[in-house]
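Asker: below is the structure, and that's it, no one-letter string:
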């Protein structure tokens, strides 16, 4: 995100003689990118891009801290000025009853100010806000916005007299509760948002995001309550996005603002309020802070620093850089052969405002390299042997499959890996076995698909008016792993086309023959929940099932409002490509002539003739081929070719084979031999 920082405001916190151009150049080299400088009312205003993990830089003082660490590396003196705050307080206790839930709110700070004069802000205050892009309102509200931009911690102001019950309860919202924010918009809550309740059930604030209309400061306000809360960043983010309220306070709070900044922020606000609104401090600062976070030290090895940066930085330079970043550093020189090694190791404790992004030694090394200057690090060509990376899916074979299918009239499609609940339910797998996204962008992108077929049927439906539809896709499906978060990704080829099973079966046959894969169809193993059980088949190769095809069942066609029949084929791509023979195999031409005869059988209705042919072929090594010659009603004639590799065959040789075929078909297919030729 981008923030705007006026130069004169920056100099309130940074002691330096560096020019705006120098600050722009050197900060951009080693820190946040200063994209441009605008001149507004004789002041240079920096437009600075800050990465979302660096919420500590999203303020005037945050940029001043960075500049104080970076500018000395370029020979420019720079020092972060201390924050001078008057110790204004009162002996009175705050007469507001606060019921906090530590699980929802980590820290609460509050102070009461009376005799407040509400009106327009002085020009220096309103102009400062305008330069950062904030619209001035009333002075008490402007003060809270000023402190937020200056210190980097959001702060809120209540009209004290409008808190009639003098009670603030921190709780989660119930589903259906409503509130009206100070911009006049009414919002219905989803439940789970953190809200402030006045004790009667009325919501008086949406903390960390935006105040409410019923407690906002007006020109009639005479007593105010300055308030700071620290709420879980995830809850702020969810509430802000769900309610579509994107305030600057929400943008900061959802990134995890440093709770330690709260006291400085509220004391700064008290200072400004007594000057600008002529207010009197009417209570002590209440600080509810049940669990203060501890800062975890990080061990840094000098050897690791040398390896990662490619050079040896002297300990004095390392300590100076880290100290300028606000870290506490302890250096531990080591002994080597009785002598002190001045390099040694370091114990680095990050400041509270960096506790979220400085957690391991590599983070610290990155900061040292960044401030020292990446451009100062030595560069050299990579050394050593290039590692051999094992080939995954042979892409040339995948492209070959695509080329063949396109040549045969199919169109390649790309469908989304995330599917709706409806598509997941029609995948042939139970909905509960699908992996789901915890925060989906829409209802159409909730589940990781386990099958490509439902998505293809959506494509078929949308292309219904365009005539014949034949599509294919090679893509991953995602199956859950037991005990693991990451899914098991499986590559699938799915072909979907209008027409009965024989049409797509012919395409599958051509494809497998082009890939030189030895295969067979297994109709009796073709049961598939998505297809008609008597119009489907499995495909076997190398003694394993590599695919299946069939006509979609009537319920699926009805669900997608498709006019049938529609046929699909699905392959396990990894298994399929492992069987591809890139080079053809050759065998000698037969030396002895074949013996050919026709056999006609009568079969019961709905007999799989493909299975009949496969069984006949496998009954004897003398059977070279079996071809369906013709069918009439229930009668089917097969042309059988017999051949022996070492001699010519006679009728006496093939008679036992003929009897074996007849006996087998009678037993397993209830067939009856009615003629030979």
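Answerer: Happy to help now that I have it. This structure is a prediction, so every number in the text was calculated from the model and none was measured.
Asker: quick one: contacts for residue 29?
Answerer: Shown in contact with residue 29 (C-beta atoms under 8 Å, 6 or more residues apart in numbering): 70, 373, 375. (Each C-beta comes from the backbone N, C-alpha and C, glycine too.)
Asker: how about those residues in a markdown table, adding pLDDT?
Answerer: Formatted as a markdown table, the contacts of residue 29 follow (pLDDT from 0 to 100):
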| residue | pLDDT |
| --- | --- |
| 70 | 96 |
| 373 | 93 |
| 375 | 91 |
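Asker: where exactly do the helices run in the stretch 251-400 of the chain?
Answerer: Shown for the stretch 251-400 of the chain, the helices assigned by DSSP state H, counting those that start in this stretch span residues 261-276, 302-309, 315-324, 361-372, 395-407.
Asker: so where's the stretch 51-200 of the chain uncertain?
Answerer: Along the stretch 51-200 of the chain, no part satisfies pLDDT under 70.
Asker: sorry, back to before: can you put the helices of the stretch 251-400 of the chain in TSV and add distance to residue 458?
Answerer: Shown next, in TSV, are those (distance: least, C-beta to C-beta, whole Å):
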stretch	distance to residue 458
helix 261-276	51
helix 302-309	49
helix 315-324	56
helix 361-372	45
helix 395-407	20
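Asker: most centrally placed residue in this protein?
Answerer: Geometric centre of the chain, nearest residue: residue 437, 8.8 Å, by C-alpha atoms, centre = their mean.
Asker: let me see the contact set for the nearest residue to residue 350 once chain neighbours are set aside.
Answerer: Closest residue to residue 350 apart from its sequence neighbours, by C-beta to C-beta, 6 or more residues apart in numbering: residue 358 at 3.9 Å. Neighbouring residues of residue 358 by C-beta under 8 Å, 6+ apart: 298, 327, 348, 350, 364, 367.
Asker: where do the helices of the stretch 401-550 of the chain begin and end?
Answerer: Using DSSP H, counting those that start in this stretch, the helices found in the stretch 401-550 of the chain span residues 421-425, 453-462, 501-514.
Asker: out of those, nearest to residue 202?
Answerer: The closest of the helices of the stretch 401-550 of the chain to residue 202 is helix 421-425. By C-beta to C-beta, the value is 37.6 Å.
Asker: returning to what we had before: if I look at the residue nearest to the centre of the chain, how far off is residue 244?
Answerer: Distance, residue 437 to residue 244, by C-beta to C-beta, to the nearest Å: 20 Å.
Asker: with residue 395 instead?
Answerer: Per C-beta to C-beta, residue 395 is found 44 Å from residue 244.
Asker: right, and residue 642 touches residue 593 too?
Answerer: No. In terms of C-beta atoms under 8 Å, residue 642 does not count as a neighbour of residue 593; the distance is 10.3 Å.
Asker: and these two? Which one has more around it.
Answerer: Legend: neighbour count by other C-beta atoms under 10 Å for residue 642 and residue 593, higher for residue 642 (20 against 9).
Asker: mind listing what's buried in the biggest helix by length in the chain?
Answerer: Criterion DSSP state H: the longest helix present in the chain is helix 651-669. The neighbour-count check on helix 651-669 (16 or more other C-beta atoms under 10 Å) flags 654, 657-658, 661-662, 664-665, 669 as buried.
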